[in-house]
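Novice: sequence first, then the predicted structure:
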Amino acid sequence: QVQLVESGGGLVQAGGSLRLSCAASGRTFSSYAMGWFRQAPGKGRECVSAITRSGDMTYYADSVKGRFAISRDNAKNTVYLQMNSLKPEDTAVYYCAADRVSGNYYNIYASAYEYWGQGTQVTVSS
């Protein structure tokens, strides 16, 4: 079992930055690929970024490429999402998720992830 707790969301003006954190319980954090997903009202849940269990490979959705950066600290059982140059269309509830993987890869589909945090609201005003 893994419990995930996100923090760092909030209200920010367009062009601003936020850093999301996701703290995981348990002693096997390094066995999990991690993903950040978001869901805006009336829309499906999309993967904005993912990272392998070792942290050496990352994925970014085209909509956030060059603006967001994912990282992880396996010693602290934490994954981060640094969000810069925020836009109003980034407004959503952001979730972190954990996927126990057998190798050094990540998934970008929500159905692959076994554990989810409660979500944190990010609102970007224009």
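Specialist: Yes, it's here. Since the model is a prediction, treat every value here as computed from it, not as a measurement. Numbers count the residues shown, from 1 in each chain.

Novice: from residue 126, how far out is the spatially most central residue of the chain?
Specialist: By CA atoms, centre = their mean, the mean C-alpha position of the chain lies nearest to residue 36, the distance being 2.1 Å. Per CB to CB, to the nearest Å, residue 36 is found 23 Å from residue 126. To be clear about C-beta, it is placed using only N, CA and C from the backbone, and glycine gets the same treatment.

Novice: that older thread, so who does the residue nearest to the centre of the chain touch?
Specialist: 20, 22, 47-50, 70, 79, 81, 94-97 (CB atoms under 8 Å, 6 or more residues apart in numbering).

Novice: equivalent analysis for residue 126, please.
Specialist: Contacts of residue 126 (CB under 8 Å, 6+ apart): 14, 88.

Novice: with adjacent residues omitted, what lies nearest to residue 69?
Specialist: The shortest distance from residue 69 to any non-neighbouring residue, by CB to CB, 6 or more residues apart in numbering, is to residue 82 (4.4 Å).

Novice: wait, the one you found touches residue 64, no?
Specialist: No. The pair residue 82 / residue 64 is not scored as a contact, 10.7 Å apart, by CB atoms under 8 Å.

Novice: the two: which is more packed in?
Specialist: residue 64 (22 against 15; other CB atoms under 10 Å).

Novice: look at the more buried one and tell me its secondary structure.
Specialist: Under DSSP: H, G, I helix; E, B strand; the rest coil, the three-state class of residue 64 is coil.

Novice: report pLDDT for the residue nearest to it when sequence neighbours are not counted.
Specialist: Using CB to CB, 6+ apart and skipping the chain neighbours, the partner closest in space to residue 64 is residue 48 (5.1 Å). Here the pLDDT value assigned to residue 48 is 98.

Novice: what residues sit buried inside the host helix or strand of residue 96?
Specialist: Per DSSP states H and E, residue 96 falls inside strand 92-100. Across strand 92-100, burial judged by 16 or more other CB atoms under 10 Å covers 92, 93, 94, 95, 96, 97, 98, 99.
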